[in-house]
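K.L.:
The following block contains a protein sequence and its predicted model.
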Amino acid sequence: MKQIITFFIFLQLSLFSLSAKTIIVCSSCEVSSVSEAVSIAAKGDTILIKKGVYNEQEITIDKTLTIIGEDYPIIDAQSKSKLFTVIADSVTIKGLNIKNISPSYTEDLSAIRIKKQSFFHIEDNILENIFFGIYIEGCKGGIIKNNRVTAEAVDEFNSGNAIHLWHSKNIKILNNHVEGARDGIYLEFVDSTIVRGNTSKHNIRYGLHFMFSNDDEYRDNTFENNGAGVAVMYSKRIIMIGNTFKKNWGSASYGLLLKEIYDGEIFNNTFQENTIGINADGSNRINIVNNNFIQNGWAIKVLGGCYYNKFNKNNFLNNTFDLSYKGSMNDNNFNGNHWSTYAGYDLDKDGIGDVPYRPVKLFSYIVNMVPESIVLLRSLFVDLIDFSERVSPVFTPDNLLDEQPLMKAIKID
């Protein structure tokens with residue numbers, strides 16, 4: 001019986017494939033507009049758009065179609081409205097240059113919006129001067145790959161996000177370049193999703209912003225020169241591996257914000273030249289292991305409500321402050337890191353310092369309280385108060401130290 005059912009499914013798919021046709025769109029073709037091609041196409045057809053400029057708005061795709069551009073034809077919404085709205089499963093949009101999506105204060109107008117569908121494929125498109133770029137709403141099992149999305153956002157109140165996901169699951173966001181939007185990539189209530197190999201730069205608010213999203217993986221991405229790098233909020237079981245957080249500078253900026261995060265893994269990342277590398281607040285049971293913290297203002301700031309976290313086998317290299325810690329008790333583990341400011345010795349030559357290291361400087365506490373005091377950074381006064389805190393801790397927990405500081409930097413893959 002099972003073999004018979006399989007045969008009939010195979011037969012149906014074969015007939016469906018044989019009946020599909022290709023509709024060619026060009027200025028001199030029988031079909032000269034994308035909207036007309038979508039209207040006359042049957043389920044399973046392919047629409048091939050030749051190189052050219054097509055002024056179109058508000059195209060609804062309500063059947064399974066493959067839309068492919070040849071040499072990146074320009075689909076120009078002329079800043080009048082949105083463009084593609086997909087309300088069918090298994091739609092592919094590939095190789096288009098979509099331009100000029102109108103901003104709006106009442107509607108999230110998008111270049112490509114997919115509503116409550118599965119198995120979509122958005123690949124190798126160029127989206128320019130958009131309000132929202134790729135907007136995924138209530139979807140499952142899709143791929144967003146190799147797209148370039150750029151916006152011209154001025155402030156976050158009248159701008160949208162380059163890639164925006166809401167209430168979705170099992171999405172792959174791969175190798176995209178996003179730039180100049182409010183948030184480069186935004187996820188809310190998005191579970192079991194992979195964000196890998198993307199570059200997110202020069203966005204006004206966050207390179208990546210996600211909330212209430214569980215069991216997600218962020219790997220091999222670059223977040224550079226954003227208002228802030230990545231904000232991870234109110235989520236569980238998050239994995240972040242091999243990412244680069246670089247040059248996210250500002251008075252309230254950071255490479256990575258952890259806000260109410262539980263049971264996370266942060267491995268093999270590089271935090272370089274950020275105001276704050278990692279800013280942790282109310283986050284518990286996170287393993288922060290084998291990361292580079294290089295030339296940040298603060299490598300790590302640990303605020304209130306952070307317990308049972310592990311900061312092990314990291315390199316802290318030439319940061320202004322390696323660690324800022326708020327609270328009178330410490331339930332976190334800071335053992336086995338390399339600190340470029342460690343001045344201890346290793347008499348038995350086992351690669352581990354013989355003297356424990358206290359990573360919190362009293363001056364970092366003072367700067368947190370009085371930011372203007374940073375002008376005293378290189379003074380003898382600062383050296384004296386930092387020495388006094390190491391000898392007799394007053395403002396930091398007595399057990400906040402690295403019992404096994406490493407003499408040499410760790411190789412980070």
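P.N.:
On my side now, so go ahead. From a predicted model like this one, the values you see are computed outputs, not experimental measurements. Numbering: from 1, shown residues only.

K.L.:
Please enumerate the helices of this structure.
P.N.:
Using DSSP state H, the helices of the chain run over residues 2-19, 34-40, 362-369, 380-391.

K.L.:
if I look at the residue positioned nearest the centre of the chain, how far off is residue 148?
P.N.:
For the chain, residue 208 is the residue whose C-alpha lies nearest the centre (CA atoms, centre = their mean; 3.2 Å). Using CB to CB, to the nearest Å, we find residue 208 at a distance of 17 Å from residue 148. Where C-beta positions appear, they are placed from N, C-alpha and C, glycine not excepted.

K.L.:
same thing with residue 196?
P.N.:
Taken as CB to CB, the span from residue 196 to residue 148 is 16 Å.

K.L.:
and what of residue 280?
P.N.:
33 Å.

K.L.:
Repeat that for residue 232.
P.N.:
25 Å.

K.L.:
go on, residue 75?
P.N.:
Note on residue 75: its distance to residue 148, by CB to CB, is 15 Å.

K.L.:
try residue 140
P.N.:
Distance of residue 140 to residue 148, computed by CB to CB: 25 Å.

K.L.:
Among residue 232 and residue 148, which residue is more densely surrounded?
P.N.:
Taking neighbours as other CB atoms under 10 Å, residue 232 and residue 148 compare with residue 232 leading, 27 against 17.

K.L.:
List the buried residues in stretch 32-51.
P.N.:
Across stretch 32-51, burial judged by 16 or more other CB atoms under 10 Å covers 33, 34, 36, 37, 38, 41, 44, 45, 46, 47, 48, 49.

K.L.:
show me what contacts the last one?
P.N.:
Taking CB atoms under 8 Å, 6 or more residues apart in numbering as the contact definition, residue 49 lies against 25, 26, 34, 37, 67, 68, 69, 70, 73, 75, 96.

K.L.:
In strands, which of those appear?
P.N.:
25, 67, 68, 69, 75 (DSSP state E).

K.L.:
Not counting its neighbours along the chain, what's nearest residue 120?
P.N.:
residue 142 (4.0 Å; CB to CB, 6 or more residues apart in numbering).

K.L.:
What's the local residue count around that neighbour?
P.N.:
27.

K.L.:
quick one: it and residue 116 touch, right?
P.N.:
No: counting by CB atoms under 8 Å, residue 142 sits too far from residue 116 to count as a contact (11.6 Å).

K.L.:
Format the contacts of residue 49 as TSV; extra columns: pLDDT and distance to residue 311.
P.N.:
Shown next, in TSV, are the contacts of residue 49 (pLDDT from 0 to 100; distance: CB to CB, whole Å):
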residue	pLDDT	distance to residue 311
25	98	56
26	97	59
34	98	53
37	98	56
67	98	48
68	98	48
69	98	48
70	97	52
73	98	51
75	98	49
96	98	45
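
K.L.:
filter these to the buried ones?
P.N.:
Applying 16+ other CB under 10 Å to those flags 25, 26, 34, 37, 67, 68, 69, 73, 75, 96 as buried.

K.L.:
for the residues you listed, which one is nearest residue 168?
P.N.:
Comparing these against residue 168 with CB to CB places residue 67 closest, at 21.0 Å.

K.L.:
got a list of what that closest one touches?
P.N.:
Under the criterion of CB under 8 Å, 6+ apart, the contact partners of residue 67 comprise 34, 38, 46, 47, 49, 61, 91, 92, 93, 94, 96.

K.L.:
Relative to residue 317, how far out is the first one?
P.N.:
Computed with CB to CB, the distance linking residue 34 and residue 317 is 52 Å.

K.L.:
Closest one of the buried ones among the contacts of residue 49 to residue 349?
P.N.:
Nearest to residue 349 among these, with distances taken as CB to CB, is residue 96, at 61.9 Å.

K.L.:
what's the spacing between that closest one and residue 126?
P.N.:
7 Å.

K.L.:
And residue 409, by the same measure?
P.N.:
Distance from residue 409 to residue 126, by CB to CB: 41 Å.

K.L.:
do the same with residue 182
P.N.:
19 Å.

K.L.:
Residue 305 too?
P.N.:
Going from residue 305 to residue 126 by CB to CB gives 44 Å.

K.L.:
what about residue 318, neighbour count?
P.N.:
So residue 318, with other CB under 10 Å, has 12 neighbours.

K.L.:
Next, give phi and psi for it.
P.N.:
phi 60, psi 40 (degrees, to the nearest 10).

K.L.:
check contacts around it.
P.N.:
Residue 318 neighbours (CB under 8 Å, 6+ apart): 294, 295, 340.

K.L.:
Could you rerun that using 10 Å?
P.N.:
Taking CB atoms under 10 Å, 6 or more residues apart in numbering, we find residue 318 in contact with 293, 294, 295, 296, 299, 340, 341.

K.L.:
shaky segments in the chain?
P.N.:
1-19, 362-396 (pLDDT under 70).

K.L.:
Contacts only, for the closest residue in space to residue 51 that isn't next to it in sequence.
P.N.:
Among residues not flanking residue 51 along the chain, residue 71 sits closest, at 4.0 Å (CB to CB, 6+ apart). Going by CB under 10 Å, 6+ apart, residue 71 touches 49, 50, 51, 52, 95, 97.

K.L.:
ok, now how distant is the second one from residue 32?
P.N.:
Read that as residue 50. 10 Å.

K.L.:
Touching both of those two, which residues are there?
P.N.:
Both residue 50 and residue 32 are in contact with 25, 26, where contact means CB under 10 Å, 6+ apart.

K.L.:
Check the gap between the residue nearest to residue 120 and residue 401 for me.
P.N.:
Residue 142 is 48 Å from residue 401, by CB to CB.

K.L.:
same check, this time on residue 266
P.N.:
Using CB to CB, one obtains 21 Å as the distance from residue 266 to residue 401.

K.L.:
Of the two, give the one with the bigger neighbour count.
P.N.:
residue 266 (27 against 19).

K.L.:
what bridges to the more buried one?
P.N.:
Counting by DSSP bridges, residue 266 forms beta bridges with residue 240, residue 288.

K.L.:
gap between it and residue 235?
P.N.:
13 Å.

K.L.:
Tell me the residues that contact both of those two, please.
P.N.:
residue 258.

K.L.:
before we move on, back to that, and residue 409 and residue 126? Which one has more around it.
P.N.:
More crowded of residue 409 and residue 126, by other CB under 10 Å: residue 126, with 18 against 15.

K.L.:
count of residues packed around residue 361?
P.N.:
Residue 361, neighbours per other CB under 10 Å, totals 24.
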